[in-house]
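1. please work out how this folds:
(one chain, ligands or ions: 1)
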Amino acid sequence: MTDYKRIVILSGAGISAESGLATFRDEDGMWNHHRVEDVATVEGFAKNPEYVHDFYNELKKELIKANPNPAHLAITRLQQQYPAQTAVITQNVDTLHEKAGNQNVFHIHGQIDQAVCTNCGHILSTWDDVTTEDICPQCSLTGTFKPNIVFFGESLLYMNEVDELLRSCDLFISIGTSGVVFPANTFVRTAKYYHADTIEFNLKPTVNNYEFDRHIIGPAGETFPRFVEELINVNESI
Ligand code: APR
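-> Numbering: from 1, shown residues only. Alright, predicted model coming up:
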């Protein structure tokens, strides 16, 4: 099938690798340098909020400098040149999809340029440091902000929208994710249950590669733009 109407793209850290950002589980991945328990759990934040704020404040300084790569830009081309509704569900907290001009992006693990007040739920959008000294402008309490990053054990964001997207898509594309983290690693199964074609873009087959109809192996910055051009050309030739 090639005349797709509703495309869903699930992206992971691998789509940002060619922008110079570390992934989590590759050789030099983030979890080889930091303990998940210390910086990505509710318990770790409760134990040492200053340390966790420092971690994400430093990460913020790195992410703000990164630029989208051809894989991110190819999503914008797909959204503009191909007559389907294309949504992006990203596990990434960087904002490279937005910097590339992608629309309809859902950050299910949160995003680095936001903090959330644990008292009233106010979302603070900022690239500045967030600390335990900050005062919430909505409820006026001090020290209630946490990074708007979904910690392990917390509920993902936008799950109602994700459920609707997975049920209604006819093409599900995974780009640059190892497929080891629940529930994002089950999205392909849901899409397939609702009869979507499924394609995995990665440097190598992943642990749930058997769930995909097709595997396109190689750096996403090369393979995905090529795929988008083929899709657009086939559509234009019809
Ligand atoms: N092109 C395509 N794929 C790539 C590239 C590339 N240039 N570089 C790396 N990859 C692939 C790797 O082969 C790997 O399968 O990207 C994947 C990165 O996997 P992870 O580091 O596990 O990142 P991700 O799948 O996004 O992790 C999911 O885990 O720790 C949590 O919240 C964190 O969102 C993250 C989630």
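
2. so which bits of the helix or strand hosting Gln80 are buried?
-> Assigned by DSSP states H and E, Gln80 falls within helix 70-81. Residues 70-79 are the ones in helix 70-81 that count as buried (16 or more other C-beta atoms under 10 Å). (Glycine included, C-beta is placed from N, CA and C.)

3. for stretch 178-186, same thing?
-> For stretch 178-186, by 16+ other C-beta under 10 Å, it's 178-179, 184-185.

4. can you put these in JSON lines and add distance to the ligand, secondary structure and pLDDT?
-> JSON lines is the format used below for the buried residues of stretch 178-186 (distance: C-beta to the nearest ligand atom, whole Å; DSSP: H, G, I helix; E, B strand; the rest coil; pLDDT from 0 to 100):
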{"residue": "Ser178", "distance to the ligand": "3", "secondary structure": "coil", "pLDDT": "96"}
{"residue": "Gly179", "distance to the ligand": "7", "secondary structure": "coil", "pLDDT": "94"}
{"residue": "Ala184", "distance to the ligand": "7", "secondary structure": "helix", "pLDDT": "95"}
{"residue": "Asn185", "distance to the ligand": "8", "secondary structure": "helix", "pLDDT": "96"}
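
5. and those residues, which two are the farthest apart?
-> Ser178 and Ala184 (10.1 Å; C-beta to C-beta).

6. overlap in contacts, these two.
-> Listed as contacting both Ser178 and Ala184 by C-beta atoms under 8 Å, 6 or more residues apart in numbering are Gly12.

7. show me what from the chain comes close to the ligand.
-> Residues of the chain lying close to the ligand (C-beta under 6 Å from any ligand atom) are 12-14, 17-18, 23-26, 29, 91, 109, 176-178, 180-181, 201-204, 206, 219-220.

8. now which of these would you call buried?
-> 12-14, 17-18, 23-24, 91, 109, 176-178, 201-202, 206, 219-220.

9. inside helices: which ones of the residues you listed?
-> Per DSSP state H, helices hold the following members of these: 14, 17, 220.

10. ok, of the residues you listed, which one's closest to Arg226?
-> Nearest member of these to Arg226, counting by C-beta to C-beta, is Ala220, at 10.3 Å.

11. how about that closest one, nearest residue that isn't a chain neighbour?
-> Leaving aside its chain neighbours, Ala220 sits nearest to Ala71 (4.1 Å; criterion: C-beta to C-beta, 6 or more residues apart in numbering).

12. likewise for Val36?
-> Phe152 (6.5 Å).

13. just checking, the one you found touches Ala40?
-> Yes - using C-beta atoms under 8 Å, Phe152 is in contact with Ala40, at 5.6 Å.

14. for Met30, give me the pLDDT.
-> Listed pLDDT for Met30 reads 80.

15. what about it, how many neighbours?
-> 18 (other C-beta atoms under 10 Å).
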